[in-house]
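>>> Predicted model and sequence below, questions to follow.
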Amino acid sequence: YEKNLQGDVVGILNTEGEEVVHYDYNAWGEVTGVTGTLADTLGKDNPLRYRGYFYDEETGLYYLQSRYYSVELMRFLSEDDPVLSNDQGEPLGSNLYGYCVNNPVNYSDYTGHYAASIALPASIITQLAAAMTGIMGGIRFSMDSVKAAIACSWLPLVCIAATSVAVAGLVYTVKTFKKMNANAAKVRAAVKACVARGGIDPDKTHGNTVYVITRRRSDDVVYVGRTNDYKRRRNEHQNSKKGKFPEKEYDMYAVATGLSKRKARALEQTLITAYSLETLANMINSISPKKWKNFKSEFEQMKSLIEAGFDPE
């Protein structure tokens, strides 16, 4: 199968990698075109279509594991369980027949019960989720250079000259990703809005959940993570003896739930990148020869911030 960034099956390839079926859809999932050499056979028999949902060619309905969705009506044919309602304080989410809170471009619903909470364009997630490998490489190289310069240079002027080379490498890394800052800002704005709403009700989290931890009563994000058991993870972070983020100092918010593990990892990495870019930019702006003694601490802090985002689960 060939999929686009939103998970739609847009093509079927043969063993030689040639596209033999191609699908076109509108925003709500209506099949607007089926072309290709096998369009009339395999193209009709294949059940996986829009968002990867199961499609019934005869009825034109999609089955989302628990309910049937009609692209003609742009809603489900049966109501959702009120207990599982995805309202989160939003009027559109209170409609028990509604599909993706009437925003199918930015949301999907793989269970028939929930739409993802953070509506980020797939292009942003794809761009930012893949960025940290290069950023981390540049940071680690520069950090090692700074450490070596500080350890080996006992004269301030020599140390400044040596560290300037490492700092130049970091500046280049930041400039390389400067074009991503606008998208990173959109990500941070989406998280801020979700935090302002109080995040997702813990009782409504399911599957894989992406969350953020902020300083108490603020939207200052200090940690990004994911888990397949939000309540357990919150207890580990905030209530256990070994928890690093006690409730009296930090708040924890679920910002997206009902995700596959792969999508949760991509969203988690997107958030990490968005906040790391902001921190990087602030760090670079603060560096000057007069602050060379602080370089080691700043690089270590940056490294810790990045590595803290990689949740083992």
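Right, received. Where do you want to start? Quick caveat, the model's predicted, so the values are computed rather than measured.

>>> Mind listing residues that contact stretch 224-234?
The set of residues external to stretch 224-234 that reach it, using Cβ atoms under 8 Å, 6 or more residues apart in numbering, is 202, 205, 207-213, 252, 254, 257, 261, 264-265, 267-268, 271-272, 275, 309, 311, 313. Any C-beta I mention is one placed from the backbone N, CA and C, and that applies to glycine too.

>>> Could you list the buried residues of that stretch?
Within stretch 224-234, the residues that count as buried by 16 or more other Cβ atoms under 10 Å are 224, 225, 226, 227, 230, 233, 234.

>>> From one end of it to the other, what's the distance?
12 Å (Cα to Cα, to the nearest Å).

>>> Quick check: mean pLDDT of it?
The average pLDDT for stretch 224-234 rounds to 93.

>>> Now name the helix or strand holding residue 276.
Taking DSSP states H and E as the definition, residue 276 sits inside helix 261-286.

>>> Would you map the helices across the stretch 1-150 of the chain?
42-45, 122-129, 132-152 (DSSP state H, counting those that start in this stretch).

>>> Any regions of the stretch 201-313 of the chain where pLDDT drops low?
Along the stretch 201-313 of the chain, segments meeting pLDDT under 70 span 277-313.

>>> In it, mark out all the strands, start to finish.
208-215, 221-227, 250-259 (DSSP state E, counting those that start in this stretch).

>>> hmm, back to that, with the buried residues of stretch 224-234 in mind, which one is nearest to residue 29?
Distance to residue 29 across these (Cβ to Cβ) is lowest for residue 226, with 27.3 Å.

>>> how about the strands of the stretch 201-313 of the chain in TSV, adding distance to residue 189?
Formatted as TSV, the strands of the stretch 201-313 of the chain follow (distance: least, Cβ to Cβ, whole Å):
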stretch	distance to residue 189
strand 208-215	13
strand 221-227	12
strand 250-259	12
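
>>> so which of these comes closest to residue 79?
With Cβ to Cβ as the yardstick, what comes closest out of the strands of the stretch 201-313 of the chain is strand 250-259 (18.2 Å).

>>> Extract the CA atoms of the closest one and return them as PDB.
Output of strand 250-259 as PDB, limited to C-alpha atoms (Å, rounded to 0.1, in the frame of the first residue of the first chain):
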ATOM      1  CA  TYR A 250       4.500  20.600  38.500                       C
ATOM      2  CA  ASP A 251       1.300  19.900  36.500                       C
ATOM      3  CA  MET A 252       0.800  17.100  34.000                       C
ATOM      4  CA  TYR A 253      -1.500  17.300  31.000                       C
ATOM      5  CA  ALA A 254      -2.500  14.700  28.400                       C
ATOM      6  CA  VAL A 255      -2.500  16.500  25.100                       C
ATOM      7  CA  ALA A 256      -3.300  13.600  22.600                       C
ATOM      8  CA  THR A 257      -4.700  10.200  23.200                       C
ATOM      9  CA  GLY A 258      -6.000   7.100  21.300                       C
ATOM     10  CA  LEU A 259      -2.900   7.100  19.100                       C
END
